[in-house]
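In: Build the 3D model from these lines:
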Amino acid sequence: MSVREYQICNRCIMDTTDPAIGFDDQGNCNHCANALARAKTIWFPNEEGEKKLIAIAEKIKKEEKNKEYDCIIGLSGGVDSSYLAYKVVELGLRPLVVHVDCGWNSEMAVQNVENIVKKLGLDLHTHVVDWQEMRDIQLSYFKANIANQDVPQDHAIFAALYSYAVKNNIKYVFNGSNFATECILPKAWGYNALDFKNLKSIHKKFGTRKMKRYPHVTFFKRYIYFSFIRTMNIVKALNLMPYDKNEAIEIMQKELNWQYYGGKHHESRFTKFFQAYYLPHKFGYDKRRAHLSSLIVSDQISRAAALEEIAIEIYPEDSHIEDMEYVAKKLGVSLEEFQEIIDMPNKSYQDYDNNQWLFELGFKIRNKFFN
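Out: Predicted structure coming up:
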């Protein structure tokens, strides 16, 4: 990547590596401004949030008292989902825990999942995605040369989780996404992982085998069937408590024998390579900027500390090679072939068939009638 000057926000650390960023006359960017505005309606790290969460928990207990499980949680072994499981049990709920193995788990992530379910006395269902199909889809995404390489895993995880919810007649899904650590994420850096039309289009062009067992979900199934026919409810409990990442880590290390793996979503070796090398070197996107800027907005880290952390190289010199070789070997290609694929011209998800218009229409309808 050629060296160039970037304008950086005066309040967070987002910069012009996001092509859609904007700045006000104080030099503050639209990302942190929008996040601070949204905080008033979705983030309640206070007594109000505690009351809301307790009310939700009591409602679930009452409605689902005759079922084996009253809610469901997807558990990756990362910070957010692990702490969510801890807090859900603390609320007195009876969750079914689902772990979706897409073939990239680190040993530490697997151990975290095992420790959590054992310590909390939870039932665990592990869904192992067919590796040959998963490999084919992920290699297709690399050949598509788009930024959002995490879609094949994210889509499978979501689809499998909802499938287990349906099978077990569970309508309350606890989701680990949250404002405190994820309130900033530029749209230009990725795309909706639930657009199965886009996934199919990419796989059709570059894939070599049929998708027979890969978990998937269509727009209709996600936004009509799950929401209105199955009446599923997504509960973002971490938005209703003072969720501090470092405090959560300390609690889990003490109570659950949980181990930290060094970075957001680095419980997956694939995701570490994707976020720490592929995105910065191919597209110029360093997701740490968004993660750290989110922590600045939620007052968990100072801007000065964030600038110090972003300056640290995750892969100093050529240390990425080991992980790159690992990913290439898992995908069934040589390191040289993998490098040639990565070096191809960048593309956008918009270069392939997609349902972006349908998602945008659906969001407009939801915001108008259901918010």
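In: Let me see the contact set for Lys245.
Out: Taking C-beta atoms under 8 Å, 6 or more residues apart in numbering, we find Lys245 in contact with Val79, Ala180, Thr181, Leu295, Gln300. (Each C-beta comes from the backbone N, C-alpha and C, glycine too.)
In: TSV please, covering these and showing pLDDT and secondary structure.
Out: Written out in TSV, the entries for those read as follows (pLDDT from 0 to 100; DSSP: H, G, I helix; E, B strand; the rest coil):
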residue	pLDDT	secondary structure
Val79	92	helix
Ala180	96	helix
Thr181	95	helix
Leu295	97	helix
Gln300	95	coil
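In: Nearest to Val235 among the residues you listed?
Out: Comparing the contacts of Lys245 against Val235 with C-beta to C-beta places Ala180 closest, at 15.8 Å.
In: neighbours of that closest one, just the number please.
Out: By other C-beta atoms under 10 Å, the residues close to Ala180 number 23.
In: Just to check, it is in contact with Ile42?
Out: No. Here Ala180 does not reach Ile42: they are 10.8 Å apart, not a contact under C-beta atoms under 8 Å.
In: picking that back up, out of the contacts of Lys245, who has the most neighbours?
Out: The most neighbours of any of those, using other C-beta under 10 Å, belong to Leu295, which has 26 neighbours.
In: And it, how far from Leu361?
Out: As defined by C-beta to C-beta, to the nearest Å, Leu295 lies at a distance of 33 Å from Leu361.
In: Kindly report the same for Gly78.
Out: Distance of Gly78 to Leu361, computed by C-beta to C-beta: 32 Å.
In: rewinding a little: out of the contacts of Lys245, the closest to Cys32 would be?
Out: Each of the contacts of Lys245 was scored against Cys32 by C-beta to C-beta, and Leu295 proved nearest at 11.3 Å.
In: Excluding covalently adjacent residues, which one is nearest to the closest one?
Out: Using C-beta to C-beta, 6 or more residues apart in numbering and skipping residues adjacent in sequence, the residue nearest Leu295 is Ile301, 4.3 Å away.
In: re earlier: residues that sit against both of Ala180 and Ile42, list them.
Out: Where contact means C-beta under 8 Å, 6+ apart, the residues bridging Ala180 and Ile42 through contact with each are Asn239.
In: Can you list the low-confidence ranges for the stretch 1-150 of the chain?
Out: Where the stretch 1-150 of the chain drops to pLDDT under 70, the residues are 1-4.
In: need the helices for it, in chain order.
Out: Chain-ordered helices for the stretch 1-150 of the chain, with DSSP state H, counting those that start in this stretch as the definition, fall at 30-42, 47-63, 79-90, 107-120, 131-144.
In: contact partners of the fourth one?
Out: Outside of helix 107-120, the residues that reach it under the criterion C-beta under 8 Å, 6+ apart are 75-78, 82, 85-86, 89, 97, 99, 122-124, 255-259, 261, 267-268.
In: Also the third one?
Out: When contacts are defined by C-beta under 8 Å, 6+ apart, helix 79-90 is touched by residues 71, 73-76, 95, 97, 112, 116, 120-122, 174-178, 181, 237-238, 241, 243, 245, 248-249, 251-252, 255-256, 258, 260, 264.
In: One more: the first one?
Out: Judged by C-beta under 8 Å, 6+ apart, the contacts made with helix 30-42 from elsewhere in the structure are 9, 11-12, 14, 18, 21-24, 179, 183-184, 186, 236, 239, 290, 293-294, 296-297.
In: before we move on, back to that, with distance to Ala305 added, can I get the helices of the stretch 1-150 of the chain in a markdown table?
Out: Compiled in a markdown table, the helices of the stretch 1-150 of the chain are given as follows (distance: least, C-beta to C-beta, whole Å):
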| stretch | distance to Ala305 |
| --- | --- |
| helix 30-42 | 16 |
| helix 47-63 | 26 |
| helix 79-90 | 18 |
| helix 107-120 | 25 |
| helix 131-144 | 34 |
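In: nearest to Asn198, of the ones you listed?
Out: When the helices of the stretch 1-150 of the chain are ranked by distance to Asn198, counting by C-beta to C-beta, first place goes to helix 131-144 at 9.7 Å.
In: Whatever helix or strand comes next after that closest one vs helix 131-144, what angle?
Out: Tracing the chain past helix 131-144, the next element assigned as helix or strand by DSSP states H and E is helix 151-167. Calculated by axes from the mean of the first three to the mean of the last three C-alpha atoms, to 10 degrees, helix 151-167 forms an angle of 140 degrees with helix 131-144.
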